[in-house]
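**Student:** pasted the sequence and its predicted model underneath.
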Amino acid sequence: MAPVPYRRAVPIEPPPSSWTFGDPATYDRSEDLVAVGADLEPGTLLAAYRRGLFPMPSGTPGDPMYWFCPVHRGVLPLDGLRVSRSLRRSARSFEIRVDTAFEEVLDACADPAREAGWIDDHIRAAYVRLHRLGWAHSVEAWRDGRLAGGLYGVAIGGLFAGESMFHHERDASKVALLGLVDLLSEGDPTDRLIDVQWATPHLASLGVVEVSRIHYLQVLARALAVQTAVAFAGPDMP
């Protein structure tokens, strides 16, 4: 499951956002939804992630964007991923790649046939822009030259904010997650953080735990201060 060579774009800081999200420590401690409106420009998205927020459409066409900072946040400790022996065996048949098919991963995650799909055209365009600036990344599981599964998210310092994952073959998304953990564990993994937004029963079975918003903001501050993992930072490679 060793990663193959890939291109790594040096993250380019976009123009700052004209919007502000305030102090997350003052948000209503009973509500996950903390803001409505703003835009999806790269500077706005990065400002939101650095504040602990992420966007999701309301589901109603024409509505403004919703921004969430969950009261109970799902995170995956780097040493907490539960890897069964069967998954470890399965992983040997996949090849992990980074950023070789970002838009294909995004489109698979956005498949309208998936239950509770939320990735619309505006979200897609926004994360493609972030990817081209070097901030949004895909971790992909390939087998026999086919994209079998993967995930995408945003890397800022030691934070990897996971957005969505998919699989076309059994275990492929889990293998991609295992690949992400391995990539973030390279070098000095101290204070690196995998954010999964909410802890679903499926994610909890893989080792995701819930932390309070206040605790999340504390570990986020530490994560943002550390070096980005090599897999998600430049310079470009041939």
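**Tutor:** In hand now; what should we look at?

**Student:** could you pull out the helices in this structure for me?
**Tutor:** With helices called from DSSP state H, the chain shows them at 42-51, 85-91, 102-109, 121-132, 172-184, 201-205, 213-224.

**Student:** just checking, what packs against the fifth one?
**Tutor:** Packing partners of helix 172-184 (3 or more Cβ pairs under 8 Å, 6 or more residues apart in numbering; DSSP states H and E): helix 85-91, strand 95-98, strand 136-143, strand 146-156, strand 159-167, strand 193-197. Every residue, glycine included, has its C-beta placed from N, CA and C.

**Student:** circling back: mean neighbour count, the helices of the chain: which tops it?
**Tutor:** helix 172-184 (a mean of 25; mean count of other Cβ atoms under 10 Å).

**Student:** generate CSV for the helices and strands packed on helix 172-184, with mean pLDDT and distance to Thr20 as supplementary columns.
**Tutor:** Converted to CSV, these look like this (pLDDT from 0 to 100; distance: least, Cβ to Cβ, whole Å):
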stretch, mean pLDDT, distance to Thr20
helix 85-91, 92, 43
strand 95-98, 97, 33
strand 136-143, 98, 22
strand 146-156, 98, 18
strand 159-167, 97, 19
strand 193-197, 97, 21
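
**Student:** rewinding a little: tabulate the helices of the chain (JSON lines), appending distance to Cys69.
**Tutor:** Shown next, in JSON lines, are these (distance: least, Cβ to Cβ, whole Å):
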{"stretch": "helix 42-51", "distance to Cys69": "8"}
{"stretch": "helix 85-91", "distance to Cys69": "32"}
{"stretch": "helix 102-109", "distance to Cys69": "22"}
{"stretch": "helix 121-132", "distance to Cys69": "18"}
{"stretch": "helix 172-184", "distance to Cys69": "22"}
{"stretch": "helix 201-205", "distance to Cys69": "18"}
{"stretch": "helix 213-224", "distance to Cys69": "6"}
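
**Student:** wait, which of the ones you listed is closest to Asp144?
**Tutor:** helix 172-184 (12.0 Å; Cβ to Cβ).

**Student:** about what we covered before: give me whichever of the helices and strands packed on helix 172-184 is most buried.
**Tutor:** strand 136-143 (a mean of 26).

**Student:** name the strands paired with that one and say parallel or antiparallel.
**Tutor:** strand 95-98 (antiparallel), strand 146-156 (antiparallel) (DSSP bridges).
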